[in-house]
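# Would you be able to build a 3D model of this:
(chains A and B)
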There are 2 protein chains.
Amino acid sequence: MTFILRSTILNVLILIGALDGYSENGYDLWLRYAPITDSSLKDHYLDYFTSFHCIADDPTAVVIRKELALAASSMLGIIPNETSRSKASLVIATVENLDIPANITNQLGTEGYYISANRGQVTVTANTSIGLLYGTYHLLRLTQMGEPLGSLSIIEAPKTKIRILNHWDNLDRSSERGYAGFSIWDWHRLPGYIDQRYIDYARANASIGINATVLTNVNANAQVLTPMYLEKVKALADVFRPYGIRVYLTARFSAPIEIGGLKTADPLAPEVQTWWQKKAEEIYSMIPDFGGFLVKANSEGQPGPQNYGRNHADGANMLADALRPFGGTVMWRAFVYSDEEPDDRAKQAYNEFKPLDGQFHENVMIQVKNGPIDFQPREPFHPLFGAMPNTPLMMEFQITQEYLGQATQLVYLAPMYEECLQSDTYAKGESSTVASVIDGTLHDYQLTGMAGVANIGTDINWTGHPMAQSNWYAFGRLAWNPQLDAQQIADEWIRATFGNERKVVETISELMLNSWETAVSYMTPLGLHHLMGTSHHYGPAPWVDNLSRADWTPYYYHKSNQGGIGFDRTSTGSNATSQYFPPVASTFNDPDSCPEKFLLWFHHLPWTCKMKSGKTLWEALAYHYQNGVAEVRRMQAQWKQLKPYIDHERHQSVSMLLDIQEQEAIWWKDACMSYFQSKSGLPYPEAMEAPQHDLEYYQSLKFPFAPGIRPKW
Amino acid sequence: MTFILRSTILNVLILIGALDGYSENGYDLWLRYAPITDSSLKDHYLDYFTSFHCIADDPTAVVIRKELALAASSMLGIIPNETSRSKASLVIATVENLDIPANITNQLGTEGYYISANRGQVTVTANTSIGLLYGTYHLLRLTQMGEPLGSLSIIEAPKTKIRILNHWDNLDRSSERGYAGFSIWDWHRLPGYIDQRYIDYARANASIGINATVLTNVNANAQVLTPMYLEKVKALADVFRPYGIRVYLTARFSAPIEIGGLKTADPLAPEVQTWWQKKAEEIYSMIPDFGGFLVKANSEGQPGPQNYGRNHADGANMLADALRPFGGTVMWRAFVYSDEEPDDRAKQAYNEFKPLDGQFHENVMIQVKNGPIDFQPREPFHPLFGAMPNTPLMMEFQITQEYLGQATQLVYLAPMYEECLQSDTYAKGESSTVASVIDGTLHDYQLTGMAGVANIGTDINWTGHPMAQSNWYAFGRLAWNPQLDAQQIADEWIRATFGNERKVVETISELMLNSWETAVSYMTPLGLHHLMGTSHHYGPAPWVDNLSRADWTPYYYHKSNQGGIGFDRTSTGSNATSQYFPPVASTFNDPDSCPEKFLLWFHHLPWTCKMKSGKTLWEALAYHYQNGVAEVRRMQAQWKQLKPYIDHERHQSVSMLLDIQEQEAIWWKDACMSYFQSKSGLPYPEAMEAPQHDLEYYQSLKFPFAPGIRPKW
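Numbers count the residues shown, from 1 in each chain, chains lettered A, B, ... in the order given. As a prediction, this is how the structure comes out:
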């Protein structure tokens, strides 16, 4: 059953006292449009939603009308009437139909909107129908949050141009690092079969301002560029267009060989350039608003321009030139490996890309992960931010929780995104935040964007863990405005998802806002990183030290021995600190000024060195692991209190997952501390619960069928 | 949202005239409990469901109470009150609490039930609480069908003991020959996370009498027998137990080597016997009602007793002996290949198993596919039925549509099951039907059963194609009673799934009942078989003649050449006909008496030979292919008429799939007829639409990511 008329259901349930049996499966996300039960608030909203006037009749306007009907019927039990402008209590119209001052319309661009209220009439206006759709969703968000509409005056426009999900989804529907089932793209039955999910996916994205999607995995398969698959891509693009969402694909660099029959993929070879130009022409003839290509090249075995002695700019520019006549963009990833083992993997992206600054053509963006390694539970911000003033950099966040509990742990990621975005690079002195790089203001980038590696799958609730929906939501909101704060986003999401009951909002908010720090604490405290199990990345395995490349092993990153623990990235070590601007570089370089949360990221220190708390490093480590477990137990207790307020299915679901999370937190603590003790030789502090098993036990655990493993082609 | 209170939703929708926007996603299957809109009928049901009395308080009784509440609230808008027996209008109680004559209770066994009505009171009784649950579901089925309850007198007991789904699901959640997404078993998050799907799966199965399930693929992985996985299996068994469902696993014959550390899996080796005994003990200590093992041995590369020079009885009996102390059963599959290419693959199962009749221990069943090859669109019944009077044979039907349109074609399989079950083997003279073998009456089998290879996956609607839910339903009903007819089952299913509106019931019924014959017509008419694409089995590829084994190629099965087409299985050919009892053998052996639907299964005939219709074989072939396409077009037209009666999402979904089915039917016709023409050299009859492409085009099609491909381990 879709969204329609939830209000009547819930009202009748309350009437007959059967709320106990009420259950939601989570499919509706933050667009539940729960019935307004407060009668004066309901009357207030009825004043505005009973009749409306909408000037626009393109496919986006159809979407607006449908969404309004759906929301009003579910929240208020009515279907709004369409009426004349003068009689309407809600007017939705582009600016040319209204009398909007230029100082306002000038701020709106192609996606912004203006919501105003005047004498009992709410007006949503914009320069485009997509702006109207975004404005409508904003209005509905306020309504879900129980906000009064009588004196609204809201001007909103997105701070970045490309707000994009990256699906690491394969053509066989497996999803690399996906933990919510499998890929929602049912390639086999496309283009003929349009799953209702595609439509609801578009609705959810549009409601938070996401305007682009990369359908395929960065570890790419060239087949998606063949005519058979492009027909399928076109079908999805057609579904998404009215929602303002453009489709992108990953381009496998060797596609000209694999599906084009060429002998080379050298970006400077004319036949290669021609092949990509013709391919672009073919794609745009089918999908006129095709967004462009996302490329992972010369990284983890993916082919790229370096295979032919060319550099990243050569590769990116060749593709960009093919797309430029049609308005397409190349997003080239900075996540690279050199073929030889480096002295410090953290330095590679900077080393390879910084020298190329200014050499990329104007429709190329470099997509940079938030930190210099790889989506670890906590990383310092990536040193490339601020370092490439002449090349638009876009952010790549991970929404799927590859290293943060996958589908069994409640970890709200907005505080992590926020920590990164609010980091000051000092590229142009103080207040040169990462956010100001990303929104283009620091370097006056003409292209701006933020990418999120999607956590969406075939699970009925979309994200596996019901609470992981918040990470999709938070990504979208931060891509729209990188200055938003994690607390406000949580508040919005909770109200839409679980209702406005104060106890619910406050409890879940606290629980969410602490959850990331908690996970870091029981996984990788004090700047530790890359301690996870090999390949599947599930659970701890800090002891692994013998893979085919040293920089794939946990040992490489923590280097713990009898003397101490940590990676020396100071000037006496790999000197990665020097990639940051002063004074960041020196702050990180000195263990006394380095924030403790990044301590072992930058420093190798003796087990017995003193921390600010007075504890030794060894004691502090134990304290963090133990505290992480304690915090999970607090989450369990908090959640339990909400049972009377939340429907059975979702409450039960999160309860079970919190129980798993507790077990996994204990496992992380026990496995890591047992292993580190085998190096430090020090006794566990008394406050730490002793490990449940010995080290050998943890080392023996195998998970051959863990989900989300990378594909084999 | 789960099932609760659909009535109020629909009622309000009707009230406000918004039925247009009403949409169902299919998750609720045939347990939708749609609101009763006819007011006198509603009053009638209110008389019975307003108050009830239930004597029983085991977990199954909890299930009964929940299901009653759910159904009554959704259909009638009430929650039934539990009251005293004298005041109750509905009484649900085991026989010892009531005054039921012995001649009735004697007929009920451990799973049957008796429903009676007397002076405004309906009573459901049984010897066990599972019987009560089945009776309750029967009562709710009648209610969904709009049947009056005032004079009921129903005695029902299942005709077979083991009514079991076989999930060909792998531990990585891929599903061999699954076309509805992926495996619903989320192994990674078990045992801690109990997906709501597991509960609804159990409800759906119990509602049609399915009482067992094999969780894992017959192409087995031994890992499922390790402690880590047995914990997960136990969690599922705990969920299913109150619903009367026992859990089985597939046993990989080489498990003692792979996970037991032994050097051999020889069934006569004492250490192997001991290993399986200990494994059985371990399993039963966790799952006291564990059902037993399903085994595919010495077939398609699976290990088995023949690897050690032993036979199937040696292997099956060894496992059976390990299970016997705990009441477990071995289901040993007759679907085997010898390592060398045979003269006729159709003869192998009979040749290998018939000589072993009587040699199996008493807790072994042989699981035999409906036909002698492999779930082809149409096969004659398997010659083993009737041929093993001293060994219980159980039926293996395929519910998943591996060879019958996968997830894009509407094919109702009950007529195919029925054709097989009603076939007369003549094993003990006339009326020795396959059904009488399966229900045990012909040979007085002590064990009886029917297995269905499940079509269930992660798609929200469970079965990919919304109409494929009917095949799950039909399998369950026929396993309960192999004598039921396809038409009656369709009628029940349609009423529960789409409502009782006469136009809807009649139209869908006609459409379903013709659909299998239609698919046979455009795929493999006149006894043709095994013409499908290699490996994925998607679409036609009759030209394939060069695989590593000849009996894996389509050519092996149709042997078409300039002279004619068909497999000579008569006494002048492979003599497979001799495996049947007289007079079946001679009927099949003579092209004049052989039913035309099996003609090319048993005979190689000249293209120009005359059919009963007066057409030549070539013309008849063309006629069938063309007629299949025409029938699909008729289905499209019929379905279109139902738009006003069916909710938007499900109507739209089936419409899109029928359009795909039309394209695929044309593809089958064009590819097969082009190829056969290249052999016959004859012109297409005028009434046949000429192929849209040339043969080379069809031969060039590749589907590297088609779903449901077999696993690689």
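
# Which SSE is immediately downstream of the helix ranked longest in chain A?
Ranked by residue count and defined by DSSP state H, the top helix of chain A is helix A:648-680. For helix A:648-680, the following helix or strand on the C-terminal side (DSSP states H and E) is helix A:695-700.

# pLDDT below threshold where in chain A?
A:1-21, A:710-713 (pLDDT under 70).

# How is it divided into domains?
Using automatic domain parsing, the domain ranges for chain A come out as A:1-31, A:33-155, A:162-485, A:521-567+A:604-700.

# about what we covered before: what's the longest helix of chain A packed up against?
Where contact means 3 or more Cβ pairs under 8 Å, 6 or more residues apart in numbering or on different chains; DSSP states H and E, helix A:648-680 is packed against helix A:502-523, helix A:617-640, helix A:695-700. Using the backbone N, CA and C atoms, a C-beta is placed for each residue, glycine as well.

# how about the last one: buried residues?
Looking back up the chat, that one is helix A:695-700. A:L695, A:Y698 (16 or more other Cβ atoms under 10 Å in any protein chain shown).

# Check the first one too.
Neighbour-count burial for helix A:502-523 flags A:504-505, A:507-509, A:511-512, A:514-523 (criterion: 16+ other Cβ under 10 Å).

# The second one now?
Of the residues in helix A:617-640, those with enough neighbours to count as buried (16+ other Cβ under 10 Å) are A:617-632, A:635-636, A:638-639.

# residues in the stretch 501-650 of chain A within reach of chain B, list them.
Applying Cβ under 8 Å from any Cβ of the partner chain, one finds that the stretch 501-650 of chain A approaches chain B through A:E649.

# Quick check: chain neighbours aside, which residue is closest to the residue of the stretch 501-650 of chain A found nearest chain B?
Closest approach between the stretch 501-650 of chain A and chain B, counting by Cβ to the nearest Cβ: A:E649, at 5.7 Å. Leaving aside its sequence neighbours, A:E649 sits nearest to A:S23 (Cβ to Cβ, 6 or more residues apart in numbering or on different chains; 4.0 Å).

# these two touch, right, that neighbour and A:H651?
No: in terms of Cβ atoms under 8 Å, A:S23 does not count as a neighbour of A:H651; the distance is 9.4 Å.

# And those two? Which one has more around it.
A:H651 (20 against 16; other Cβ atoms under 10 Å in any protein chain shown).

# tell me the contacts of the more buried one?
Each residue near A:H651 by Cβ atoms under 8 Å, 6 or more residues apart in numbering or on different chains is listed here: A:W639, A:L642, A:K643.

# likewise A:D590?
Shown in contact with A:D590 (Cβ under 8 Å, 6+ apart): A:T570.

# measure it to B:P288 for me?
64 Å (Cβ to Cβ, to the nearest Å).

# ok, now A:A269?
Distance from A:A269 to B:P288, counting by Cβ to Cβ: 69 Å.

# if you count what's nearby, which of the two comes out ahead?
A side-by-side neighbour count of A:A269 and B:P288, using other Cβ under 10 Å, places A:A269 first with 17 against 11.

# Contacts only, for that one.
Going by Cβ under 8 Å, 6+ apart, A:A269 touches A:L262, A:Y308.

# before we move on, what about A:I184?
For A:I184, the contact set (Cβ under 8 Å, 6+ apart) comprises A:D169, A:D195, A:R197, A:Y198, A:Y201, A:I456, A:G457, A:T458.

# Work out for me the element the closest residue to the first one other than its chain neighbours sits within.
Sequence neighbours aside, A:S183 is the residue nearest to A:D169 in space, at 3.7 Å (criterion: Cβ to Cβ, 6+ apart). For A:S183, there is no host helix or strand (DSSP H and E).

# What number of residues are in the vicinity of the nearest residue to A:A346 once chain neighbours are set aside?
Using Cβ to Cβ, 6+ apart and skipping the chain neighbours, the partner closest in space to A:A346 is A:P372 (4.2 Å). Using other Cβ under 10 Å, A:P372 has 26 neighbouring residues.

# so A:P372 makes contact with A:P380?
Yes: assessed by Cβ under 8 Å, A:P372 is found in contact with A:P380 at 7.4 Å.

# got the residues of the stretch 301-450 of chain A near chain B?
Counting by Cβ under 8 Å from any Cβ, the residues of the stretch 301-450 of chain A close to chain B are A:A407, A:T408.

# So the residue in the stretch 301-450 of chain A that chain B sits nearest to versus A:V654, what's the distance?
The nearest approach of the stretch 301-450 of chain A to chain B comes at A:T408, 6.2 Å away (Cβ to the nearest Cβ). Separation of A:T408 from A:V654 (Cβ to Cβ): 11 Å.

# A:G464 now?
Separation of A:G464 from A:V654 (Cβ to Cβ): 12 Å.

# Compare these two (neighbour count), which wins?
Using other Cβ under 10 Å as the criterion, A:G464 and A:V654 rank with A:G464 on top: 28 against 22.

# returning to that earlier point: kindly reformat the domains of chain A as CSV and extend each row with distance to B:E430.
Putting the domains of chain A into CSV (distance: least, Cβ to Cβ, whole Å) gives the following:
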stretch, distance to B:E430
domain A:1-31, 52
domain A:33-155, 62
domain A:162-485, 47
domain A:521-567+A:604-700, 55
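
# tell me the most buried of those?
Of all the domains of chain A, domain A:162-485 carries the top mean neighbour count, a mean of 22, counting by mean count of other Cβ atoms under 10 Å in any protein chain shown.

# Now do the end-to-end distance for that one.
Terminal residues of domain A:162-485 are spaced 20 Å apart (Cα to Cα, to the nearest Å).

# How about stretch A:353-365?
Using Cα to Cα, first and last residues of stretch A:353-365 are 12 Å apart.

# before we move on, what about stretch A:207-223?
One end of stretch A:207-223 sits 32 Å from the other (Cα to Cα).

# can you list the residues of the stretch 151-300 of chain A near chain B?
With Cβ under 8 Å from any Cβ as the criterion, the stretch 151-300 of chain A comes near chain B at residues A:171-173, A:181-182, A:187-189, A:192-194, A:196-197, A:223.

# Let's see which of those residues end up in helices.
Those of those lying in helices (DSSP H): A:Q196, A:R197.

# Among the residues of the stretch 151-300 of chain A next to chain B, list the two that are farthest apart in space.
Taking every pair in these and measuring Cβ to Cβ, the maximum separation is 25.9 Å, between A:Q196 and A:Q223.

# As JSON lines, the contacts of A:I184 with distance to B:H603 would be great.
Shown next, in JSON lines, are those (distance: Cβ to Cβ, whole Å):
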{"residue": "A:D169", "distance to B:H603": "49"}
{"residue": "A:D195", "distance to B:H603": "45"}
{"residue": "A:R197", "distance to B:H603": "48"}
{"residue": "A:Y198", "distance to B:H603": "49"}
{"residue": "A:Y201", "distance to B:H603": "53"}
{"residue": "A:I456", "distance to B:H603": "54"}
{"residue": "A:G457", "distance to B:H603": "51"}
{"residue": "A:T458", "distance to B:H603": "46"}
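
# need the strands for the stretch 201-350 of chain A, in chain order.
A:212-214, A:246-250, A:292-295, A:329-333 (DSSP state E, counting those that start in this stretch).

# Please apply the same query to the stretch 401-550 of chain A.
Using DSSP E, counting those that start in this stretch, strands in the stretch 401-550 of chain A cover A:449-453.

# ok and the residue in it nearest chain B?
At 5.0 Å from chain B, A:T458 is the closest residue in the stretch 401-550 of chain A, using Cβ to the nearest Cβ.

# Could you check how far that residue is from A:C594?
According to Cβ to Cβ, A:T458 and A:C594 sit 43 Å apart.

# Nearest to B:Y555 among the domains of chain A would be which one?
domain A:162-485 (26.2 Å).

# quick one: the helices in the stretch 51-200 of chain A?
A:59-76, A:102-108, A:129-144, A:196-207 (DSSP state H, counting those that start in this stretch).
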